[in-house]
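Colleague: Sharing a model that was predicted from the sequence below.
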Amino acid sequence: MQKIIFSLTLFLICNNSITAQNLDYKILKDINNSYTSSGGKIQTFITNSITPLTIAVPASILAYSLFKRDSISRSKFYSIASSELVTGIITTSLKLAIRRERPFSSHNDIVKYSNAGSLSFPSGHTSAAFTIATSLSLEFPKWYVIAPSMLWASTMGYSRIYLGVHYPSDVLVGAIIGAGTSYLCYKANKWLRH
């Protein structure tokens, strides 16, 4: 999985193909130009849900494990919390190494409808959302956990494009980082448990 993430990231960094860049920009422009006031409120709500959920999900699992004195739940907490930490480190490191400008800084016709930092690649919101969604799906493999968490994570990625703060490639790589990191932390946690 690490080789796939590295290869995809390297491909996106090194690929100077005008066609790929134009497609990335065209998808962004089409989605950003479809902005409506009601759609903006919904997408802003989704994008703003990232911080509360990255705190609430592991905290509630930890609280449950302490209240019930349940070592399995505590182990699930460690897996999810470590996934979030590692994803944050990888995403921040890539942002600082690549230093891609936000789309609204590079293109006058892209409107920024949300707060955003200075660096774009990869999407931190999307990587964090897919970290939570993948971790929950692996730790609690029930359809009623998997479906809403993956829908939320996917909508998070879409919201970042819709609000004009990320290119589709930022979101795609963010999703891969989040899902991949969660999977590796889940496997490492299982290995440590046994």
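Modeller: Thanks, I have it.
Colleague: Now for the residue nearest to Tyr64 when sequence neighbours are not counted, how many residues are close by?
Modeller: In space, Tyr64 comes closest to Ser73 once its chain neighbours are excluded; the distance is 5.4 Å by CB to CB, 6 or more residues apart in numbering. (Each C-beta comes from the backbone N, C-alpha and C, glycine too.) Using other CB atoms under 10 Å, Ser73 has 17 other residues around it.
Colleague: Am I right that Ser73 is in a helix?
Modeller: Yes: judged by DSSP: H, G, I helix; E, B strand; the rest coil, Ser73 forms part of a helix.
Colleague: Would you quantify the distance from it to Ile55?
Modeller: Distance of Ser73 to Ile55, computed by CB to CB, to the nearest Å: 17 Å.
Colleague: Likewise for Ala133?
Modeller: 16 Å.
Colleague: Report pLDDT for Asn16.
Modeller: In this model, Asn16 is scored at 52, pLDDT.
Colleague: Contact partners for the residue nearest to Tyr64?
Modeller: By CB atoms under 8 Å, 6 or more residues apart in numbering, Ser73 lies in contact with Ile61, Tyr64, Ser65.
Colleague: Swap in 10 Å and give it another go.
Modeller: Contacts for Ser73 (CB atoms under 10 Å, 6 or more residues apart in numbering) come out as Ile61, Leu62, Ala63, Tyr64, Ser65, Leu66, Phe67, Glu139.
Colleague: The first one and Ile42, how far apart?
Modeller: As judged by CB to CB, Ile61 and Ile42 stand 28 Å apart.
Colleague: between the two, which one's more packed in?
Modeller: Using other CB under 10 Å, the more surrounded residue of Ile61 and Ile42 is Ile61, with 24 against 13.
Colleague: unless I'm mixing things up, His107 is touching Gly164, no?
Modeller: Yes: His107 is within contact range of Gly164, at 9.1 Å (criterion: CB atoms under 10 Å).
Colleague: Now for the two: what residues contact both?
Modeller: Leu28, Lys29, Asn32.
Colleague: burial measure for the last one, as a count.
Modeller: It stands for Asn32. When neighbours are counted by other CB under 10 Å, Asn32 registers 21.
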